[in-house]
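# structure for the following, please:
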Amino acid sequence: MAERDSPETILPRLAGGSTVTVGSFDGVHLGHQAVLREIAGRAAAAGRASVLVTFEPHPLEVVNPRAAPPLLTTGPERREVLAQTPLDYADPIVARHDTEAIAEGREELRQVIANLDKLSEDRREALIMRFALGMDNREIARALGRTDGATKVLIHRAIRQLEEIVKQDEGPDA
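Purely as a prediction, here's the structure:
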């Protein structure tokens, strides 16, 4: 998998924590400006740094280029406008998309889905509830009639088994 920047190389560790907003912020219209003022105000009230994370290019340019919206501003124009906001970090931090990593992620997801049926029903259901439905361990435990601890073990073992199945499918060199 392609190497990625660690969080520390993108933004230094902030001792007091941070309040973050994430988005494209193309055009930085009045609505965006109101959100950014609110983030800056909440961060200041909590003694935290205010941070903007944005994307370049727009995420849809990577995952579905035909659906990507036309941009209102160029990168330099957007940076100029964002520099005038009250945020502590709005240079902006640019989360660059790694198309190779996205393709690898899609392949990994395909392998996982293709191998889910090799798990026992309770393990398969637990993983689907956790990762497809976004349920937490306590919700899954209630749904399966298990204790929280037993559910945590079930999910852990299901993940390990699925990893082994995928590794076996990839062959001995993987």
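# residue ranges of the helices in this structure, please?
7-10, 30-46, 59-63, 75-82, 99-115, 121-127, 137-144, 148-170 (DSSP state H).
# would you turn the ones you listed into TSV with mean neighbour count?
Bear in mind the C-beta positions are built from the backbone N, C-alpha and C, glycine included. Below are the helices of the chain laid out as TSV (neighbours: other C-beta atoms under 10 Å):
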stretch	mean neighbour count
helix 7-10	10
helix 30-46	15
helix 59-63	14
helix 75-82	15
helix 99-115	12
helix 121-127	17
helix 137-144	16
helix 148-170	15
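# outline the domain layout of this protein.
15-97, 100-170 (automatic domain parsing).
# rank these by pLDDT, which is bottom?
Lowest mean pLDDT within the domains of the chain: domain 15-97, a mean of 84.
# nearest residue to residue 19 in space, please, no chain neighbours.
residue 43 (3.7 Å; C-beta to C-beta, 6 or more residues apart in numbering).
# what of residue 138?
Excluding its sequence neighbours, the residue lying closest to residue 138 (C-beta to C-beta, 6+ apart) is residue 148, at 5.6 Å.
# from residue 24, how far out is the closest residue to residue 155 other than its chain neighbours?
Distances taken as C-beta to C-beta, 6+ apart put residue 126 closest to residue 155, at 5.2 Å, once the chain neighbours are dropped. Going from residue 126 to residue 24 by C-beta to C-beta, to the nearest Å gives 35 Å.
# could you do residue 122 as well?
For residue 122 relative to residue 24 (C-beta to C-beta), the value is 41 Å.
# surely the residue nearest to residue 138 meets residue 139?
No - the criterion here is C-beta atoms under 8 Å, and residue 148 misses it with residue 139 at 10.0 Å.
# tell me, what's touching these two both at once?
Common contact partners of residue 148 and residue 139 (C-beta atoms under 8 Å, 6 or more residues apart in numbering): none.
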